[in-house]
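Visitor: Okay, structure incoming, though there's no sequence with it:
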């Protein structure tokens, strides 16, 4: 698929999400005059990062991972020699849950199909999940739920999955916010990110 085709298909997703009145988070977005966060980065990327849901800074700008967690993500990418503009970064849930609470199952159900389409359009070789919600969603999507364990046991491991366009790798990772609250965990996160070097 050409980059132009991918860009056009991703633009359609953005238009649909902007007018997604059936979303339980739509009214909250309108009330707060903020933006949905669709995703950004290379539409031809080999690596796709999938977080959980936007936070306050992300909803204010419409950009994923642009606050404190985003700074940590940039640092982790840098430690693995990966440029942020060469990867694609998105979330399962595209609108901010109130007070940055965890996304609800109903919200994941509404937004999940958009992520599924983004994966089909970009066709990454690797999906790196950031946090337990995205790990759970992506592992189940590719029928790997029998391998699910707590993220403390799964982080940094590589799993193979089949897609409509061929084999891919899934790499569960801790959410960068972990290092915002516990600076000591950053070394462990950097170690996990080294796994991605070979796919860059």
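Guide: All right, it came through fine. Quick caveat, the model's predicted, so the values are computed rather than measured.

Visitor: Which strand or helix spans the residue nearest the centre of the chain?
Guide: Centroid check for the chain by Cα atoms, centre = their mean gives residue 50 as the closest residue, at 1.5 Å. If you go by DSSP states H and E, residue 50 is part of strand 47-51.

Visitor: quick one: contacts for the residue nearest to the centre of the chain?
Guide: 90-92, 115, 127-130, 134, 137-138 (Cβ atoms under 8 Å, 6 or more residues apart in numbering). The C-beta positions use only the backbone N, C-alpha and C, and glycine is treated the same way.

Visitor: Phi first, then psi, for the closest residue to it other than its chain neighbours.
Guide: Closest residue to residue 50 apart from its sequence neighbours, by Cβ to Cβ, 6 or more residues apart in numbering: residue 134 at 4.4 Å. Backbone torsions of residue 134, given as degrees, to the nearest 10, read phi -70, psi -40.

Visitor: tally of neighbours for residue 134?
Guide: 27 (other Cβ atoms under 10 Å).

Visitor: Let the chain start at 34 from now.
Guide: Taking 34 as the first residue, the last one we looked at is residue 167.

Visitor: mind checking how far the spatially closest residue to residue 230 that is not a sequence neighbour is from residue 226?
Guide: Excluding the flanking residues, the one nearest residue 230 by Cβ to Cβ, 6+ apart is residue 113, at 5.1 Å. Per Cβ to Cβ, to the nearest Å, residue 113 is found 4 Å from residue 226.
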